[in-house]
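In: Sequence isn't available, so here's the structure alone:
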C-alpha cells in the first residue's frame, strides 16, 4: 500500500510539473466551448456538446461547477489533471496484473511524457478520459478473463458506464468483454444477467441524454448525421481523399511509444522463447486494441487524443519489454558493457548536440537498437553489477530524450488539410499536432483574433458584425469570449463536398437565425455597420472579399465600414446586403 501511494505521488508530481505551466488560459478547441455550454444546458442537436454527447463527462463538469469551479477553463483543467493521474495509476495496476512484476509501472513511465498523452493532458480533458475508460474496462475484463466469474457482472457495469464518457467505447470493447465472459465459463443465464446489468448501466446515461436532446429519434438522427459527416473527412470508406493522411496520423499517434522502446525491446528478446508473452496475453491485447484501431482507420480519427485508447495498449507492451529486459540483464550482460555504455553516451551527446528533432528521433532510436544488439555479445553473469536501478535508468534514458524531442520541437512541418503531400509530410503533421508549438500557436492565433474583435467592437458599439468563412480562429471560441458580437458563419450544411450553403447568425451560444437554400443566400446587415472579416487567405472567398470590399487590415483580421446608403454585393454562394 505504501509503495502504491509513493507511485501515486510520483506521477501526480510529474503531471502537475509538466501540465500546469502549459495550461491554456482559454478554452482550447471548438469542442471545449460546446462542453462549456453543456454545463448549463445539454442538447446535442445544438452542439451542447457535440454528438454523441459524452453525458457522464458532462456530469463530472457539472459536479465541479456545483463545487464552485466557476470557470469552464478551470473545470476542464482539473479534469485533465485528475484524468492523467488516474490513467497512469490504472496503467500501473493493469500492467502489473497482466504481465506481472513492475510492468505497469514502467508502462506508466513510458506514457507520462508521450507526446499524445502529454498534449491531451494539457488541452483535452475529454480525450484523456478515453484512456481512463479504456484502462478501467480492460482491468475489469482481465479479472473475468482470468476466470473470476464475479467480474463478468462487474466488467459489464464498468463497460456500460465507460460508454457514458466516450460512447464508442461500448461497441468497440464489447468483443473484449464477451471473450472475457466466455473464458470465465459462466452459464448462459449468468451471461444474460450480466448483459442486463450492462444495458441498465447504459440506460442510466443514455435515457437522460436522449430526453435532453429531443427524444430518441432526435438524438439518434443527430448522432448518425454527425458521424457520417465527420467520417467523410478522414475515411476512405466514406469517400475521403485524405484517407492516407488518416492512416499515417493513426500510426504516429498510436505507435509513437515504439521508437523509445527499441533498446528494451531487443534486450527483452531471447532466441529460445522470444519475449515470453503467452498466447492468452496476446489474445487479450488484440481484442483490446484491434476494434478501436479498425474504427479509427475505417471510420473516424481526427484528433490525436482519439488514439489514446490504443496508445495505452502499446505503452503496456513497452512496459513489459522494460521489465522483461531488466530481468534478462539480471541474469547476464555483455563483458563489454562499460565500453558500450560509454560509447552510447558519447554518441547520444553528439546526436542531441545537432538540435534537430527529426535527427534525434531517427538516430536515437537506431542507436538504442544497436546498443541492445551489442549487449548480447560476449555475455556473462551480471552478479549485481551494475545495480538494477542503474540498468533501469539506462533503458529508460532514450524514452525521456525522444519524448522531449518530439513534444518540445518547434518546427515540425504542418501540412494543412487539402494540400498535396507525401508520407513524410503526413508524419510531420502528426507530430506537429501533438507538439508544444501547436498549443502555443493555437492559443496565440485565437487570443489575438478575439482581442482584435473586442477592440474593433469597442470602437463601434452595437454596430459590429463578424463574418467568418474558414477563418484560422474558431468562430465558436469567438462567440464564447465576445458573446455580445453577432457572428455570421458562412459554411455548408455538411463538411462533405457538394452540400448546400448555410448562413448561421450566432450571438454567444444563441442561434439568432439560420438561412438555407439555393444560393446566393442573402445576409442582411444594417447600413453603416462594421464588418470584421475572419477569413482564410487561401480561399476563393477571401479573394472575392478583397476585390469587392477592399477591407482594411487590422492585426490578424480585416474590417469594412459599410456606407450609410443601401447596397449589396454577391460573394460566390452568398449575398451581403445593407
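Out: That came in fine, so what should we check first? Treat the numbers as computed from the prediction; the structure is a model and nothing was measured. Residues are numbered from 1 along each chain as shown.

In: where does the stretch 401-550 of the chain dip in pLDDT?
Out: Scanning the stretch 401-550 of the chain for pLDDT under 70 picks out the ranges 416-421, 493-498, 519.

In: which stretches of it form helices?
Out: Using DSSP state H, counting those that start in this stretch, the helices of the stretch 401-550 of the chain run over residues 423-432, 436-459, 475-481, 540-549.

In: by contact count, what packs against the longest one?
Out: Other elements packing on helix 436-459 under the criterion 3 or more CB pairs under 8 Å, 6 or more residues apart in numbering; DSSP states H and E are helix 115-123, strand 464-469, helix 475-481, strand 530-535, strand 557-561. C-beta coordinates here come from the backbone N, C-alpha and C atoms, glycine included.

In: Looking at these, spot the one closest to residue 313.
Out: Closest approach to residue 313 among those (CB to CB): helix 115-123, 12.8 Å.

In: per-residue confidence for residue 296?
Out: Looking at residue 296, its pLDDT is 91.

In: what sits against it?
Out: Contacts were defined as CB atoms under 8 Å, 6 or more residues apart in numbering; by that measure residue 296 touches 246, 250, 254, 306-307, 310.

In: Give me the distance between the helix or strand of the chain with the lowest mean pLDDT and the centre of its chain.
Out: Lowest mean confidence among the helices and strands of the chain (mean pLDDT, DSSP states H and E): strand 379-381, at a mean of 76. Offset of strand 379-381 from its chain centre (CA atoms, centre = their mean, to the nearest Å): 44 Å.

In: one step back: could you dump the helices of the stretch 401-550 of the chain into a markdown table with distance to residue 560 added?
Out: Listed next are the helices of the stretch 401-550 of the chain as a markdown table, based on distance: least, CB to CB, whole Å:
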| stretch | distance to residue 560 |
| --- | --- |
| helix 423-432 | 34 |
| helix 436-459 | 11 |
| helix 475-481 | 18 |
| helix 540-549 | 5 |
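
In: Pull out the buried positions in stretch 212-219.
Out: The neighbour-count check on stretch 212-219 (16 or more other CB atoms under 10 Å) flags 212-213, 218-219 as buried.

In: Kindly report the same for stretch 237-250.
Out: 238, 240, 242-243, 245-250.

In: Next: stretch 251-260.
Out: Applying 16+ other CB under 10 Å to stretch 251-260 flags 251-254, 256-260 as buried.

In: Sort the contacts of residue 296 by pLDDT and name the bottom one.
Out: Among the contacts of residue 296, residue 246 carries the weakest pLDDT, at 88.

In: Provide the secondary structure category for it.
Out: Recorded secondary structure, residue 246: helix (DSSP: H, G, I helix; E, B strand; the rest coil).

In: Phi first, then psi, for the spatially closest residue to it that is not a sequence neighbour.
Out: Distances taken as CB to CB, 6 or more residues apart in numbering place residue 234 nearest to residue 246, at 4.3 Å, with adjacent residues excluded. With angles defined as degrees, to the nearest 10, residue 234 sits at phi -120, psi -20.

In: Run a quick check on residue 234 versus residue 298, I expect a contact.
Out: No - here residue 234 lies out of contact with residue 298, judged by CB atoms under 8 Å, at a distance of 9.6 Å.

In: Can you pick out the residue with more neighbours from those two?
Out: residue 234 (24 against 16; other CB atoms under 10 Å).

In: any idea how far the more buried one lies from residue 250?
Out: Note on residue 234: its distance to residue 250, by CB to CB, to the nearest Å, is 9 Å.

In: same deal with residue 313?
Out: 14 Å.

In: What of residue 425?
Out: Distance from residue 425 to residue 250, by CB to CB: 15 Å.

In: Check residue 428 too.
Out: Taken as CB to CB, the span from residue 428 to residue 250 is 15 Å.

In: can you check residue 154 too?
Out: For residue 154 relative to residue 250 (CB to CB), the value is 32 Å.

In: Phi and psi next, for residue 375.
Out: Per degrees, to the nearest 10, the backbone of residue 375 is at phi -70, psi -10.

In: so the nearest residue to it once chain neighbours are set aside bridges to which residues?
Out: In space, and not counting its chain neighbours, residue 375 is closest to residue 334: 4.7 Å by CB to CB, 6+ apart. Counting by DSSP bridges, residue 334 is bridged to residue 379.

In: you'd agree residue 334 is up against residue 374?
Out: Yes - Residue 334 lies in contact with residue 374 (CB under 8 Å); the separation is 6.7 Å.

In: if I look at these two, which residues touch both of them?
Out: residue 340.

In: Let me know whether my guess that residue 305 is in a helix holds.
Out: Yes - assessed by three-state DSSP, residue 305 belongs to a helix.
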